[in-house]
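Student: What follows is a predicted protein model with its sequence.
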Amino acid sequence: MTTTGGGDPDRRDQARLPAIPGGWTTRDFVLDGQTFHVTLPASPDAFLDDPDVLAANRRDDYMPYWSYLWPASLETAVAVLRHEWPAATAALEIGAGIALTGLAALACGMRVAFSDYDRRALDLALYNARQIGLDATAEGLYLDWRQPIDRKFAVIFGTDVIYEKQNHLPILGLLEQMLAPEGEAWITDPGRHQAEAFLELLRDRPFQVEHQTLNREPYPGRPAGLTNLWVLRWKSSC
């Protein structure tokens with residue numbers, strides 16, 4: 001077994017993380033034989049009573065979803081680790097949150113842009129990249145799905161991002177704007193009921209879709225089962 005990161009986080013380095021409700025903690029995640037030592041919010045529910053979060057929710061229906069570890073990220077990260085990627089592949093993780101998928105991509109030798117709508121998620125992703133010694137190939141990208149930017153990536157990862165119907169069109173618009181001509185997007189979902197609506201929209205989009213299933217990685221309170229992986233590629237490149 002190899003270890004990515006390890007030991008107690010450096011206190012001076014951790015001090016660079018912003019103060020958050022409930023504070024920070026660290027956990028080890030064993031993914032395809034590699035141990036990832038990850039810092040993450042100790043009590044995500046503590047955000048729900050935070051005045052800044054409540055104000056942002058009133059303004060823009062914001063919820064601090066980034067602070068929760070979404071279990072589907074475990075098997076997505078394993079799938080990334082098991083895939084063969086060309087050296088220094090440019091990857092974008094959308095809705096990075098705890099960013100296990102992006103950290104796995106870094107461990108594969110990819111160049112990763114962690115993106116999120118909350119800057120604290122970006123601080124956290126880059127902090128964890130420093131902890132595993134791979135921050136030289138990582139960047140943080142503040143990104144609103146409704147306003148994609150003019151950059152192209154060979155791979156775009158979206159881990160459990162289609163849970164709300166209102167996000168489907170912005171995500172598809174982002175993929176059409178930011179996926180490189182020969183690129184592919186990985187969208188994973190653990191079986192939420194909104195997935196069918198996303199697939200319906202895909203029928204009218206310029207993507208070929210390949211469906212795969214991933215065995216769920218164990219997580220406290222989570223039943224065994226399968227997670228869906230849809231790999232999207234441009235129809236013109238097939």
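Tutor: Nice, I can see it.

Student: switch to C-alpha atoms for all contacts and neighbour counts from now on
Tutor: Fine.

Student: in this protein, which spans are strands?
Tutor: Secondary structure of the chain (DSSP state E): strands at 2-4, 24-31, 34-41, 90-94, 111-116, 138-142, 153-159, 179-189, 207-215, 226-234.

Student: Show me what counts as buried in the longest one.
Tutor: Just to be clear, that refers to strand 179-189. Judged by neighbour count (16 or more other CA atoms under 10 Å), strand 179-189 contains these buried residues: Leu179, Ala180, Gly183, Glu184, Ala185, Trp186, Ile187, Thr188, Asp189.

Student: right, so of the strands of the chain, which gets closest to Lys165?
Tutor: strand 179-189 (13.1 Å; CA to CA).

Student: What lies in contact with the closest one?
Tutor: Strand 179-189 is contacted by residues 72, 76, 152-163, 175, 195, 227-234, 237 when judged by CA atoms under 8 Å, 6 or more residues apart in numbering.

Student: Go again with 7 Å.
Tutor: 72, 152-160, 227-234, 237 (CA atoms under 7 Å, 6 or more residues apart in numbering).

Student: same thing with stretch 88-98?
Tutor: Counting by CA under 7 Å, 6+ apart, residues outside stretch 88-98 touching it are 40, 66-67, 69, 102, 109-116, 121, 125, 153-158, 161.

Student: mind redoing it with 6 Å?
Tutor: Contact with stretch 88-98 is made by 66, 109-116, 121, 153-158, as judged by CA atoms under 6 Å, 6 or more residues apart in numbering.

Student: Check the spacing between the closest residue to Tyr219 other than its chain neighbours and Pro190 real quick.
Tutor: Residue nearest to Tyr219 in three dimensions, not counting chain neighbours: Pro71, with 6.7 Å by CA to CA, 6 or more residues apart in numbering. Counting by CA to CA, to the nearest Å, the separation of Pro71 from Pro190 is 9 Å.

Student: ok so, going back, now, which of the buried residues of strand 179-189 sits nearest Ala46?
Tutor: Nearest to Ala46 among these, with distances taken as CA to CA, is Asp189, at 25.6 Å.

Student: what bridges to that closest one?
Tutor: Asn228 (DSSP bridges).

Student: next one: Gln212
Tutor: Leu229.

Student: give me the number of residues near it?
Tutor: 12 (other CA atoms under 10 Å).

Student: ok, it touching Leu229?
Tutor: Yes: between Gln212 and Leu229 there is a contact at 5.0 Å, judged by CA atoms under 6 Å.

Student: For the residue nearest to Tyr219, what are phi and psi?
Tutor: Note on Pro71: its backbone torsions stand at phi -50, psi -30 [degrees, to the nearest 10].

Student: can you count the residues close to it?
Tutor: 19.
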